[in-house]
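Chemist: Return atomic coordinates for the entry below.
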Amino acid sequence: MLTIYPPREELADLLVTGPFADALRVAIQVRGLSLERLQHRLKVRGAPISVTALSYWQSGRRRPERPESLMALAQLENVLGLPETALSRLLGPPRPRGRSRRREQSARSPWDGSGLVVTAQHDRVDVAPCGGVRGVRSRQVLQASSADVDRWILCQETGSTQPAVTAVRSCRVGRIARERTNGVLVAEMLFDEPISAGESIAIEYELIYPHPTAEHTHFRRFGDRVHDYVLEVKFPAGSSPASCEQFESGPAGAETSGGARPAPVDDGGYAHAAALDFGPGVYGMRWTVAANAPGSSTQGK
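Modeler: Next up is the predicted model:
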């Protein structure tokens with residue numbers, strides 16, 4: 001019997017618009033793997049999950065919520081040949097279970113992509129002399145599209161080095177899930193107070209790496225249009241990069257009209273890039289270090 005899988009164009013659209021269950025179901029069909037084969041491959045990767053759970057996820061009956069489920073989801077994205085966080089960023093609000101969950105439902109908030117919209121974001125990246133990232137401080141302005149929203153779900157592609165997460169302003173850190181193989185960090189940023197539909201909140205948080213990353217780049221993947229995104233990269237004094245450029249691409253990875261272009265570094269060691277009404281897609285900066293820089297044997301591409 002000949003099986004005709006949905007076109008990849010449909011999957012590309014679902015990875016931008018969601019919902020999570022539809023995107024997962026079509027991704028599985030495009031990959032051509034049974035749920036049993038998926039379960040086996042996840043088990044080999046140290047992320048055991050039941051066939052029943054996978055079936056519930058793709059049918060929309062349940063969504064991954066626990067840290068171990070979110071880590072299994074990160075592995076599932078890899079097995080399905082999807083970009084990192086392609087599915088996890090589509091997660092909707094956790095479904096209530098039992099009386100206690102029903103009592104809490106009014107206080108629980110939608111997850112990223114369901115109840116909040118990023119209207120502005122500012123990232124400042126601190127670079128080590130070797131060219132790796134030492135830390136990132138982020139400020140986000142978020143607007144609620146539903147009532148009683150009390151958290152933002154941070155899905156960060158961190159590379160091979162996992163950072164510590166610190167809340168700086170108007171939030172605190174809740175549950176954290178780390179997937180070291182694919183370099184994905186998922187963390188709850190809990191607001192000091194819930195916000196109502198139409199209200200905005202500005203939060204700040206910081207990622208500090210135990211040692212500089214091997215990757216010489218920083219980028220954001222936006223699933224929706226963001227009004228204002230500013231990216232600053234601070235290089236150490238006396239360690240200007242050999243090259244530095246900003247880049248952008250569409251949601252499916254295709255280079256946009258902006259493409260890649262040089263990003264000048266000023267006398268203070270700062271390079272910056274700004275995007276207005278950008279997305280969906282990827283926007284970031286990458287750099288290479290001078291040959292004589294400390295630890296410069298591994299450079300960004």
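Chemist: can you pull out the strands in this protein?
Modeler: Ranges of strands in the chain, per DSSP state E, are 116-127, 133-144, 149-157, 164-169, 171-179, 184-195, 200-208, 217-222, 226-234, 243-249, 255-262, 270-278, 281-288.
Chemist: got any ranges where the protein has weak pLDDT?
Modeler: Along the chain, the model assigns pLDDT under 70 to residues 1-9, 92-114, 159-160, 178-183, 251-259, 291-301.
Chemist: Domain parsing of it, as residue ranges.
Modeler: 8-90, 116-288 (automatic domain parsing).
Chemist: Including mean neighbour count, could those go into JSON lines?
Modeler: Any C-beta I mention is one placed from the backbone N, CA and C, and that applies to glycine too. Listed next are these as JSON lines, based on neighbours: other Cβ atoms under 10 Å:
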{"stretch": "domain 8-90", "mean neighbour count": "18"}
{"stretch": "domain 116-288", "mean neighbour count": "18"}
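Chemist: Report the beta-bridge partners for the closest residue to residue 116 other than its chain neighbours.
Modeler: Leaving aside its sequence neighbours, residue 116 sits nearest to residue 142 (Cβ to Cβ, 6 or more residues apart in numbering; 4.7 Å). When bridges are called by DSSP bridges, residue 142 pairs up with residue 118, residue 201.
Chemist: Residue 154 too?
Modeler: residue 187.
Chemist: Please name the residues that touch it.
Modeler: The contact partners of residue 154, taken as Cβ atoms under 8 Å, 6 or more residues apart in numbering, are 112, 165, 185, 186, 187, 188, 189, 205.
Chemist: any idea where the helices of the stretch 1-150 of the chain begin and end?
Modeler: 8-17, 20-31, 35-44, 51-59, 67-79, 98-104 (DSSP state H, counting those that start in this stretch).
Chemist: For the third one, name the packing helices and strands.
Modeler: Put plainly, it is helix 35-44. helix 51-59, helix 67-79 (3 or more Cβ pairs under 8 Å, 6 or more residues apart in numbering; DSSP states H and E).
Chemist: Need the contact partners of it.
Modeler: Contacts for helix 35-44 (Cβ under 8 Å, 6+ apart): 28, 33, 48, 49, 50, 51, 54, 55, 72, 75, 76, 79.
Chemist: Kindly recompute the last result at 7 Å.
Modeler: Here helix 35-44 makes contact (Cβ atoms under 7 Å, 6 or more residues apart in numbering) with 28, 48, 49, 51, 54, 55, 72, 75, 76, 79.
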